[in-house]
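A.B. asks: quick one, fold the following:
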Amino acid sequence: MIIHRTILKELFLNFIIIVFSLSVILFMEKFVRITRLLMGKGADLNDVLRIFIYLQPSILLLSVPMAILIAIFITYGRMSTDSEMVVLKGCGMSFLGISRAALMLSTVLFLALLFVSLYLLPRGMVSFKKVLYETIIRKASMTFEEEAFSDVFKGNVIYVKEVSLANHFKGIFIYREADQTVKEPMVIVAEQGMISSNPEEGLINLSMHNGFIHTFNKNTSSEIIFSKYDLVLTSGIGTEKTKPDEVKTARLWKGRKKITHWAIELHRRMALPFTCIIFGFLGPALSNRMGKIGRLGGLSLSLAILIFYYLFLIIGESLAKTGKIPAFWGSWAPNLLFGALAALFFYNAYKDKPIKRF
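C.D. replies: Next up, the predicted model:
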């Protein structure tokens with residue numbers, strides 16, 4: 001029907017604009033951290049574009065549910081302001097028919113986002129970290145600036161007084177924290193050094209000449225003089241530790257009972273896409289009952305709902321991580337709450353029963 005196609009077209013255009021805007025906003029926080037890591041390392045445009053693309057699944061998982069709700073409120077709010085809702089009802093169209101475009105779009109987005117969440121998200125995060133790590137390894141020599149401290153490499157603060165050539169330094173000072181390989185903190189001072197890297201093996205070697213190593217603890221300290229010393233550096237990205245969002249869904253399912261964070265991540269991947277369905281029912285129902293709220297009113301109301309939803313989600317996941325509630329309730333409680341509200345409002349709108357305004 002032409003009416004359904006017209007509503008769907010307007011709804012889809014609003015959704016595209018909003019999801020693009022939200023994706024840019026949500027990316028800014030990640031962009032700041034990426035810029036800090038890549039600044040001065042000579043990362044080319046290809047590396048930056050690959051990093052941007054690999055981050056999109058994690059960004060879409062948040063931006064798509066937000067965008068569909070805002071788009072519905074803006075579209076149906078505009079229809080209420082222009083009295084199109086009244087005209088459609090007067091022509092005999094039911095509320096279910098008026099809401100069909102929103103329900104169709106939200107269902108399609110639910111299926112698409114479910115694929116992104118369960119399949120693309122872990123692969124995108126693994127690829128993102130790999131590209132970022134390889135970029136730092138490959139451009140390791142560009143990490144250092146003259147007379148500046150660098151903390152890019154995990155557990156090390158490195159100062160270089162002079163960069164004589166691309167990979168050669170003079171006046172090196174290093175503070176290394178205690179870790180699994182080094183039991184005590186140490187300070188390394190060397191006259192000169194050279195850095196080399198192997199991106200395939202993920203290794204960065206800083207070979208230093210003519211210096212000393214000073215180790216210390218609460219009771220004792222010692223000092224060793226060397227003519228040559230090789231220090232293996234690792235990136236602060238943490239490739240040795242796999243985060244829950246990097247684990248494939250099948251592995252999350254198998255390990256959900258043993259690892260709490262995996263269970264939370266698994267439920268989160270399924271709960272967030274389902275939010276599209278909930279908002280697909282809630283948006284038209286509330287727009288129908290709020291009267292002539294217009295685009296601005298629809299935007300304000302949708303933002304308020306999103307703030308409450310994600311606030312409940314953050315609180316629920318935090319309680320689940322501390323073991324106070326099961327992982328299922330941590331991720332699904334906001335969906336159950338807003339799903340019940342969506343069912344109530346939609347039922348009243350379908351029956352065309354007036355409800356108390358707020």
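A.B. asks: for the chain, what spans make up the helices?
C.D. replies: 2-38, 45-81, 84-90, 95-98, 100-115, 121-138, 249-255, 260-289, 294-321, 327-351 (DSSP state H).
A.B. asks: so how far is Glu246 from the residue nearest to the spatial centre of the chain?
C.D. replies: The chain has Ser58 as the residue nearest its centroid, 4.5 Å off, counting by Cα atoms, centre = their mean. As defined by Cβ to Cβ, to the nearest Å, Ser58 lies at a distance of 10 Å from Glu246. Where you see a C-beta, it was placed from the backbone N, CA and C, and this is true even at glycine.
A.B. asks: check Ala112 too.
C.D. replies: Applying Cβ to Cβ, the value for Ala112 to Glu246 is 21 Å.
A.B. asks: which one's more surrounded, those two?
C.D. replies: Glu246 (18 against 14; other Cβ atoms under 10 Å).
A.B. asks: spatially, which residue comes closest to the more buried one, not counting chain neighbours?
C.D. replies: Among residues not flanking Glu246 along the chain, Met125 sits closest, at 4.6 Å (Cβ to Cβ, 6 or more residues apart in numbering).
A.B. asks: show me what contacts that neighbour?
C.D. replies: Shown in contact with Met125 (Cβ atoms under 8 Å, 6 or more residues apart in numbering): 54, 57-58, 243, 245-246.
A.B. asks: got those residues as a markdown table, with distance to Gly280 and pLDDT columns?
C.D. replies: A markdown table is the format used below for the contacts of Met125 (distance: Cβ to Cβ, whole Å; pLDDT from 0 to 100):
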| residue | distance to Gly280 | pLDDT |
| --- | --- | --- |
| Tyr54 | 29 | 89 |
| Pro57 | 21 | 92 |
| Ser58 | 22 | 91 |
| Lys243 | 31 | 81 |
| Asp245 | 26 | 85 |
| Glu246 | 30 | 86 |
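A.B. asks: want to throw the residues you listed into TSV with distance to Ile74?
C.D. replies: Output for these, formatted as TSV (distance: Cβ to Cβ, whole Å):
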residue	distance to Ile74
Tyr54	31
Pro57	25
Ser58	25
Lys243	35
Asp245	31
Glu246	35
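A.B. asks: next up, the contacts around Arg123.
C.D. replies: Counting by Cβ under 8 Å, 6+ apart, Arg123 has contacts 57, 248.
A.B. asks: any weak-confidence spans in the stretch 1-150 of the chain?
C.D. replies: 1, 31-44, 136-143 (pLDDT under 70).
A.B. asks: if you compare the helices of the chain, which one is most tucked away?
C.D. replies: The highest average neighbour count among the helices of the chain, using mean count of other Cβ atoms under 10 Å, belongs to helix 260-289 at a mean of 23.
A.B. asks: that one packs against which elements?
C.D. replies: helix 45-81, helix 95-98, helix 100-115, helix 249-255, helix 294-321, helix 327-351 (3 or more Cβ pairs under 8 Å, 6 or more residues apart in numbering; DSSP states H and E).
A.B. asks: rerun that using 6 Å as the cut-off
C.D. replies: Packing partners of helix 260-289 (3 or more Cβ pairs under 6 Å, 6 or more residues apart in numbering; DSSP states H and E): helix 45-81, helix 100-115, helix 249-255, helix 327-351.
A.B. asks: report the mean per-residue pLDDT for it.
C.D. replies: Regarding helix 260-289, the rounded mean pLDDT is 90.
A.B. asks: stretch 177-188 now?
C.D. replies: Stretch 177-188 comes out at a mean pLDDT of 78.
A.B. asks: what does that stretch rub up against?
C.D. replies: Identification of contacts with stretch 177-188 by Cβ atoms under 6 Å, 6 or more residues apart in numbering yields 155, 174-176, 213-215, 217.
A.B. asks: which of these are buried?
C.D. replies: 155, 174-176, 213, 215 (16 or more other Cβ atoms under 10 Å).
A.B. asks: domains of this structure?
C.D. replies: Using automatic domain parsing, the domains assigned to the chain come out as 2-137+242-351, 153-233.
A.B. asks: kindly reformat these as a markdown table containing distance to Glu146.
C.D. replies: Shown next, in a markdown table, are the domains of the chain (distance: least, Cβ to Cβ, whole Å):
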| stretch | distance to Glu146 |
| --- | --- |
| domain 2-137+242-351 | 11 |
| domain 153-233 | 5 |
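A.B. asks: one step back: quick one: closest of the helices and strands packed on helix 260-289 to Pro273.
C.D. replies: helix 100-115 (4.0 Å; Cβ to Cβ).
A.B. asks: remind me what that closest one packs against, helices and strands.
C.D. replies: helix 2-38, helix 45-81, helix 260-289.
A.B. asks: and of those helices, who's closest to Leu301?
C.D. replies: Per Cβ to Cβ, nearest to Leu301 of the helices and strands packed on helix 100-115: helix 45-81, 5.9 Å.
A.B. asks: now for the closest one, which elements pack on it?
C.D. replies: Applying 3+ Cβ pairs under 6 Å, 6+ apart, we find helix 45-81 packed against helix 2-38, helix 100-115, helix 121-138, helix 260-289, helix 294-321.
A.B. asks: roughly how far out does it sit from the chain middle?
C.D. replies: In terms of Cα atoms, centre = their mean, to the nearest Å, the centre of helix 45-81 is set 13 Å apart from its chain centre.
A.B. asks: that helix versus helix 2-38: what angle between them?
C.D. replies: 150 degrees (axes from the mean of the first three to the mean of the last three Cα atoms, to 10 degrees).
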